[in-house]
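A.B. asks: mind folding the following:
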Amino acid sequence: MALSLALFGSLLLAQGFPPLYNISPEQIESVEQVKDALHVYLDPPDFCDTMSCQFSLMVQTCTLIEMLDKRVDSRIPEGRSRGRNSLAIVPDDLQLMQLIYSQCQEVEGSEEEPPFFGGRYRVYQPSCSVNNQIRADLGLKQQNCY
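C.D. replies: A predicted model of the protein is given here:
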């Protein structure tokens, strides 16, 4: 049975994960804060060994990048600033966030079928080689590609 988002959030919080379900884009104070969260989402602890836990992190990865995008003036998918006050992001970090977000695939969920999320949402689904490039840029251990 899939973990509820509230229970999942509590488990993540207990392990030091940033709880996405109760933050807003305005609470993102730096790109470094997002990169710290990505370390956890892309390299979860051993307790996150079920597909429901891993799927939740895949969704939260895309949600986090979307929240950051609101803070950096919609530069992640578009690559240009719209001129509003925004959070500073260096070119290398912008390129990394664009790469991560490009690996987020939009899906139509069903409340009747696993993972029981209704509506449209994005899921982080990189190829192994792109995932390893992202992991290297974040300073994470590479994964085996089969």
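
A.B. asks: so where is this structure shaky, pLDDT-wise?
C.D. replies: Scanning the chain for pLDDT under 70 picks out the ranges 1-22, 78-85, 110-118.

A.B. asks: centroid residue for it?
C.D. replies: By Cα atoms, centre = their mean, the chain has its centre lying nearest to Thr61, at 1.1 Å.

A.B. asks: from memory that residue sits against Tyr41, does it?
C.D. replies: Yes - using Cβ atoms under 8 Å, Thr61 is in contact with Tyr41, at 4.8 Å. (C-beta placed from N, C-alpha, C; glycine too.)

A.B. asks: picking that back up, quick one: the residue nearest to the centre of the chain from Gly109, how far?
C.D. replies: 16 Å (Cβ to Cβ, to the nearest Å).

A.B. asks: what about Ala136, which helix or strand?
C.D. replies: Assigning secondary structure by DSSP states H and E places Ala136 in helix 128-137.

A.B. asks: for that helix, buried residues please.
C.D. replies: 131-132, 134-135, 137 (16 or more other Cβ atoms under 10 Å).

A.B. asks: same check on stretch 24-41?
C.D. replies: Using 16+ other Cβ under 10 Å as the test for burial, stretch 24-41 gives 28, 31, 34-35, 37-38, 40-41.

A.B. asks: shared neighbours, Thr61 and Tyr41?
C.D. replies: Common contacts of Thr61 and Tyr41 (Cβ atoms under 8 Å, 6 or more residues apart in numbering): none found.
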